[in-house]
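Novice: below are the sequence and a predicted model for it; my questions follow.
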Amino acid sequence: MFEIIGRLRCPVCSEAVQIDDKVFLDIINTIIHQKCYYKSSRRLSIKDEGPFQKMLMKYPFFHEDDEKDCM
């Protein structure tokens, strides 16, 4: 489950987003490190914030592919 862990990268710094990283989820469902968001010149409105683990548990689109693989 959650094969996205270690593969999803922040669009600003290009580092892999770790499970305990503090992130923002913007209105187009992009995960961005909170520290990187303020460095970016292109800032979209924030939909949610918190640890990446919270986003994984809260939003089903992060694990839809996992469910398809099980069938």
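Specialist: Received the coordinates, thanks.
Novice: all contacts plus neighbour counts: C-alpha atoms, from now on.
Specialist: Noted.
Novice: quick check: the most centrally placed residue in the chain vs residue 11, distance?
Specialist: Central residue of the chain (Cα atoms, centre = their mean): residue 31, 3.2 Å from the mean position. Relative to residue 11, residue 31 is positioned 8 Å away (Cα to Cα, to the nearest Å).
Novice: quick revisit: Provide a list of residues in contact with the residue nearest to the centre of the chain.
Specialist: Applying Cα atoms under 8 Å, 6 or more residues apart in numbering to residue 31 gives the contacts 10, 11, 23, 24, 25.
Novice: show me which of the residues you listed is closest to residue 61.
Specialist: Checking these against residue 61 by Cα to Cα gives residue 25 as the nearest, at 12.4 Å.
Novice: these two touch, right, that closest one and residue 47?
Specialist: Yes - at 5.6 Å, residue 25 and residue 47 qualify as touching, with contact defined as Cα atoms under 8 Å.
Novice: the protein: helices as residue ranges?
Specialist: Ranges of helices within the chain are 34-37, 52-58, 64-70, based on DSSP state H.
Novice: confidence-wise, which of the ones you listed is weakest overall?
Specialist: Ranked by mean pLDDT, the helices of the chain bottom out at helix 64-70, with a mean of 54.
Novice: quick one on the thing from earlier: can you tell me who the residue nearest to the centre of the chain pairs with across the strands?
Specialist: Residue 31 has these beta-bridge partners by DSSP bridges: residue 25.
Novice: which regions of this protein sit below the pLDDT cut-off?
Specialist: Within the chain, the stretches with pLDDT under 70 are 1-2, 64-71.
Novice: now do 80
Specialist: 1-2, 63-71 (pLDDT under 80).
Novice: if I pick residue 39, what's in contact with it?
Specialist: Taking Cα under 8 Å, 6+ apart, we find residue 39 in contact with residue 12.
Novice: and stretch 46-63, what's buried?
Specialist: 49, 51, 52, 53, 55, 56, 62 (16 or more other Cα atoms under 10 Å).
Novice: if we take these, which one ends up nearest to residue 16?
Specialist: residue 52 (11.3 Å).
Novice: OK, contacts around the residue nearest to that closest one when sequence neighbours are not counted?
Specialist: Excluding the flanking residues, the one nearest residue 52 by Cα to Cα, 6 or more residues apart in numbering is residue 19, at 5.2 Å. Each residue near residue 19 by Cα under 8 Å, 6+ apart is listed here: 5, 51, 52, 53.
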